[in-house]
Every structure is written in C-alpha cells, then in structure tokens.
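Asks: Any chance you can model this:
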Amino acid sequence: DMAEQQTMDDMKLSDLQDSEQPEEDGDEKEESTDEPQQDLFSMNNSNLLLSLKRENCHFLMRVIALAMMQIKSLRFLNLCNCGVDDYFMSQIVLQLIEHVDEMRVHTLELQSNPIGDNGMLCLCELISQNNEHLKCIKLQNNRKDISTAVCEEICTALEANSFITKFEMEFRHYRERDRCYYALKRNAEKARLQRIARMRAVM
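Replies: Here you go, the predicted model:
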C-alpha cells in the first residue's frame, strides 16, 4: 500500500545519502582558486516529472531535492516550466532550510509552474529564514491562482526579509504589489549602502 511504498522510498533516499558521503583522500588536494565556483542546477522545460505515476513522481522529486543539496557550490536553481507543484516546492524548501548553514543559493527561478497556495506558503517559510545569500526569486506566469490571503503572507515574509532584492510575481491587487515593491526597494537601498561602506573600508 501507500504507507509501505513511502517507507521503501525513504529507505532508498537514506541509501542515496550514505552513498553521497565524500571519500577521504590525503594524497590529492584541490587547487585553491580566488573566485568561488558558482554552479547552476537546471531542469528548465523538462517533462520528466509529467511522465511518471504520482507515487514515482513524488519519490523522484525527493531524490532531486536531496541531490541538489550535494552541490555545495550551487548558486542558481533554474526550475522553469518543469512541473514544480506544491509537493516539489515543499521538498525543495525542506532541503534548503535543513542545509541553511551550508547552502549559498542566490537565485530561484520557478516560472511557469503549477504552484498553489500550499507551495507558496512553503516558499514563505524559506523567505522568512532571512538567508543573506538568497537575493532573487522569480515566479512569473504561475499556472495556479494564488489566494489573496496567501499573497498577503508572501508580502509579510518579504517585509521580514532583509536581503531579497528581486521578487517577480504577478500580484492580483495593488496593495500586495505596493507592499512587495517597498520591501524590495528597502533591501536594495540597504545593499547599496553596504557596498559603499565596503568600498570606503578598503580605500
């Protein structure tokens, strides 16, 4: 039944995590570079998730979310038009929050996906973490209507965040658009002043 299938899937995920542990090698060391590596994970326009049965699809979503967290240099998540729904969003957010001290994701691109109210509320949890590295979230052309109450929750999360400077989403009401605009403007001004302070510090 579904419970047994879920247990088997979790065991497979546990095996995957164990297999991803890096092997120690004292003879070889990576060459240091001045600029940190900035990797991109992209599933843009993929129909992979749409071709699977529901239970298999959910298992693959968990595997993908877990696999992304193994890329410590990951900076950009491009998941446009690839079937990101509420469940997939919950798994992505879960992994990002659980690995918040390790992850340095800068941009989430989630355009043209069927994300509903529950998925957006999960995203609000991520925004509320106030991670200094996450600066940009794109949600244009979302394929599900978002309720006014959830739009207000999104704005509240943005107002509590100090680092996001770009949030692209079509709000239904001017009130939410204005709240989003002023929150982003405040953060952009804060970032500008910090850049000026850093420049003056090195002069």
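Asks: elements contacting the helix or strand harbouring residue 137?
Replies: Secondary structure from DSSP states H and E places residue 137 in strand 136-138. If you count contacts as 3 or more CB pairs under 8 Å, 6 or more residues apart in numbering; DSSP states H and E, strand 136-138 packs onto strand 107-109, strand 166-168. To be clear about C-beta, it is placed using only N, CA and C from the backbone, and glycine gets the same treatment.
Asks: TSV please, covering these and showing mean neighbour count.
Replies: Formatted as TSV, these follow (neighbours: other CB atoms under 10 Å):
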stretch	mean neighbour count
strand 107-109	19
strand 166-168	17
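Asks: out of those strands, which comes closest to residue 39?
Replies: strand 107-109 (11.8 Å; CB to CB).
Asks: Need the residues that contact the closest one.
Replies: Applying CB atoms under 8 Å, 6 or more residues apart in numbering, the external contacts of strand 107-109 come out as 44, 75-80, 134-138.
Asks: now with 10 Å?
Replies: By CB atoms under 10 Å, 6 or more residues apart in numbering, the list of residues contacting strand 107-109 from outside reads 40, 42, 44, 75-80, 92-93, 96, 123, 126, 133-140, 164, 166-168.
Asks: Filter the residues you listed down to just the buried residues.
Replies: 75, 77-80, 92-93, 96, 123, 126, 134-135, 137-139, 164, 167 (16 or more other CB atoms under 10 Å).
Asks: how about the helices in this structure?
Replies: Along the chain, counting by DSSP state H, helices occupy 2-19, 54-68, 86-98, 117-128, 148-159, 174-202.
Asks: Buried residues in the fourth one, which are they?
Replies: To tie it back to what came earlier, the one meant is helix 117-128. Within helix 117-128, the residues that count as buried by 16+ other CB under 10 Å are 117, 119-124, 126-127.
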